[in-house]
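Chemist: no sequence on this one, just coordinates:
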């Protein structure tokens, strides 16, 4: 069992930055693949970024070059550094964990989810 708690969301102007954090419970965090997804009102939950147990990273084309995912296994935490934010990045951002995220872009791959944190980017 893994429990995930996101933090770091908020209101920021276009071009600004935010860093999201996702704290995980349990002593086996390092054995999980981790992902970030986002969901805007009326839209599906979309893949943003993921990081494997081994540290391999993957990004959606829409955030490549602007967002960076990282993990600190000693702190049981995964981060999403978001730079050059755009109004279209506005969404609720969710952290997710999977024992093995073979299909890392698909929400159904992940068995554990946080409650989400709101990000609003004003123009």
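Modeler: Received the coordinates, thanks. Everything quoted here is computed from the prediction, not taken from an experiment.
Chemist: any idea how far the residue nearest in space to the middle of the chain lies from residue 25?
Modeler: Among the residues of the chain, the one closest to the centroid is residue 36, at 2.2 Å (C-alpha atoms, centre = their mean). Residue 36 sits 18 Å away from residue 25, going by C-beta to C-beta, to the nearest Å. Placement of C-beta: from N, CA and C, glycine included.
Chemist: may I see the buried residues of the helix or strand harbouring the residue nearest to the centre of the chain?
Modeler: Counting by DSSP states H and E, the element that carries residue 36 is strand 33-39. If you call a residue buried by 16 or more other C-beta atoms under 10 Å, then strand 33-39 has these buried ones: 33-38.
Chemist: can I get the residues you listed in TSV including pLDDT and distance to residue 122?
Modeler: Output for those, formatted as TSV (pLDDT from 0 to 100; distance: C-beta to C-beta, whole Å):
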residue	pLDDT	distance to residue 122
33	97	33
34	97	29
35	98	26
36	98	21
37	98	22
38	98	17
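Chemist: any idea which of those is closest to residue 98?
Modeler: Set against residue 98, the nearest of these by C-beta to C-beta is residue 33 (4.9 Å).
Chemist: quick one: that closest one from residue 102, how far?
Modeler: Distance, residue 33 to residue 102, by C-beta to C-beta: 9 Å.
Chemist: so how far is residue 103 from residue 28?
Modeler: Taking C-beta to C-beta as the measure, residue 28 falls 21 Å from residue 103.
Chemist: next, the buried residues of the strand or helix carrying residue 48.
Modeler: Per DSSP H and E, residue 48 falls inside strand 45-51. Neighbour-count burial for strand 45-51 flags 45, 47-51 (criterion: 16+ other C-beta under 10 Å).
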